[in-house]
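Novice: this one's structure only:
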């Protein structure tokens, strides 16, 4: 037999993954997902809380400016339907700001809405001081009444809660959150 006619030895190499290799890769991916997903969720909650803080600040500034420019009181209050004020310190369902032309601190159909915030995103919760369900800006741009404190909480839990204090002059600043307010807000 000539060398040309000799059978060629089949040398096939195996390609692919063994079951053990696939299981090890899946286990590694599960560990990485277990680390990454909570961090990702915390980032989303922090961003949602910052979005609510910015929306509140924008509303406060807009109301103060419009009260000053128009010489008409502006009211900001929690609202679940975008037209009526709620007598509740929870602002989770959103809020409205409007020019209060008749001075009754309630929104009427003919009163102009300055800002409308819908329900808060994610697990964000916002609560004002008990008894302060209305913020009224006078034509001078100052906030009528006493200071109001807001407690802002998100899905990261009570340890990440912050307090925002609105002074009578209309300045909003951070403060240490009160533990009782944190407990009432971060449920």
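Specialist: That came in fine, so what should we check first? The structure presented is a predicted model; accordingly, all values stated were derived computationally and were not measured. Residues are numbered from 1 along each chain as shown.
Novice: In the protein, mark out all the strands, start to finish.
Specialist: Shown for the chain, the strands assigned by DSSP state E span residues 74-78, 95-99, 113-117, 125-128, 135-137, 143-144, 148-153, 162-166, 172-175.
Novice: Quick one: mean pLDDT over the third one.
Specialist: Same thing as strand 113-117. For strand 113-117, mean pLDDT rounds to 96.
Novice: The longest one too?
Specialist: For strand 148-153, the mean per-residue pLDDT is 94.
Novice: buried ones in it?
Specialist: Residues of strand 148-153 classed as buried by neighbour count (16 or more other CB atoms under 10 Å): 148-153. To be clear about C-beta, it is placed using only N, CA and C from the backbone, and glycine gets the same treatment.
Novice: Kindly report the same for stretch 91-104.
Specialist: Under the neighbour-count criterion of 16+ other CB under 10 Å, stretch 91-104 has 91-100 buried.
Novice: Just name the closest of the residues you listed to residue 134, please.
Specialist: residue 100 (9.3 Å; CB to CB).
Novice: Tell me the strands beside the least confident helix or strand in the chain by mean pLDDT, with direction?
Specialist: Using mean pLDDT, DSSP states H and E, strand 143-144 stands out as the lowest-scoring helix or strand of the chain, at a mean of 82. Here strand 143-144 has these sheet partners by DSSP bridges: strand 135-137 (antiparallel).
Novice: Is residue 78 in contact with residue 85, as I believe?
Specialist: Yes. Counting by CB atoms under 8 Å, residue 78 does reach residue 85; the two are 7.0 Å apart.
Novice: Find residues that contact each of the two.
Specialist: With contacts taken as CB atoms under 8 Å, 6 or more residues apart in numbering, the residues that reach both residue 78 and residue 85 are residue 133.
Novice: just the angle between the longest helix along the chain and strand 162-166, please?
Specialist: Longest helix in the chain, counting residues (DSSP state H): helix 19-70. Relative orientation of helix 19-70 versus strand 162-166 (axes from the mean of the first three to the mean of the last three CA atoms, to 10 degrees): 10 degrees.
Novice: re the thing from before, settle it for me: which of residue 78 and residue 85 has more neighbours?
Specialist: Set side by side, residue 78 and residue 85 show unequal neighbour counts under other CB atoms under 10 Å, the larger going to residue 78 at 23 against 19.
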